[in-house]
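Novice: Here is a sequence together with a model predicted from it:
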Amino acid sequence: MNLFKKDNLKLGLVLGLFAPLAGLVIIKFVKPEFRGISFSEFFDLFINTNSLLTSIGSLSLLANVILFTIYVNTHRDHTAKGIFLVTLIYGICILVLKVFN
């Protein structure tokens, strides 16, 4: 687990970008109602449905919360800052999408 020993902002930004996407993939394959559709159909449904945007968006950002907690508790604050910054950006994007949907 050499990845958890590094402490830099770029690593935090990269982890913060990809963890919610991994969360979306996991949600798509775990929830039975999304198993029969393609990932592009799932993503389109996610972006265009306000209730899904809130619930699935929050669940996918939970991946960043877990990473952020790990890096804060191990005193790797620069990486935690990157994760937090990207989480804020994702959150703002979700709010903007909800307003304009």
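Specialist: Happy to help now that I have it. Numbers count the residues shown, from 1 in each chain.

Novice: what residue ranges in the chain score low on pLDDT?
Specialist: Of all residues in the chain, those with pLDDT under 70 make up the ranges 1, 3-4.

Novice: where do the strands sit along it?
Specialist: With DSSP state E, there are no strands along the chain.

Novice: looking at it, which residue lies furthest from center?
Specialist: Of all residues in the chain, Gly36 has its C-alpha farthest from the mean position, at 22.8 Å, by C-alpha atoms, centre = their mean.

Novice: For the spatially most central residue of the chain, which non-adjacent residue is closest in space?
Specialist: Geometric centre of the chain, nearest residue: Pro20, 2.0 Å, by C-alpha atoms, centre = their mean. Distances taken as C-beta to C-beta, 6 or more residues apart in numbering put Ser60 closest to Pro20, at 4.3 Å, once the chain neighbours are dropped. In this view, the C-beta of every residue, glycine as well, is placed from N, C-alpha and C.

Novice: So which residues make contact with stretch 85-101?
Specialist: By C-beta atoms under 8 Å, 6 or more residues apart in numbering, the residues outside stretch 85-101 that reach it are 12-13, 16-17, 20, 47-50, 53-54, 57, 61, 64-65, 68.

Novice: In helices, which of these fall?
Specialist: Among the contacts of stretch 85-101, the residues falling in helices (DSSP state H) are 12-13, 16-17, 20, 47-48, 50, 53-54, 57, 61, 64-65, 68.

Novice: From these, list just the buried residues.
Specialist: Burial by neighbour count, 16 or more other C-beta atoms under 10 Å: within those this picks out Gly12, Leu13, Gly16, Pro20, Leu53, Gly57, Leu61, Asn64, Phe68.

Novice: Leaving out chain neighbours, which residue sits closest to the first one?
Specialist: Here the nearest residue to Gly12 in space, its sequence neighbours aside, is Gly82; by C-beta to C-beta, 6+ apart that works out to 2.0 Å.
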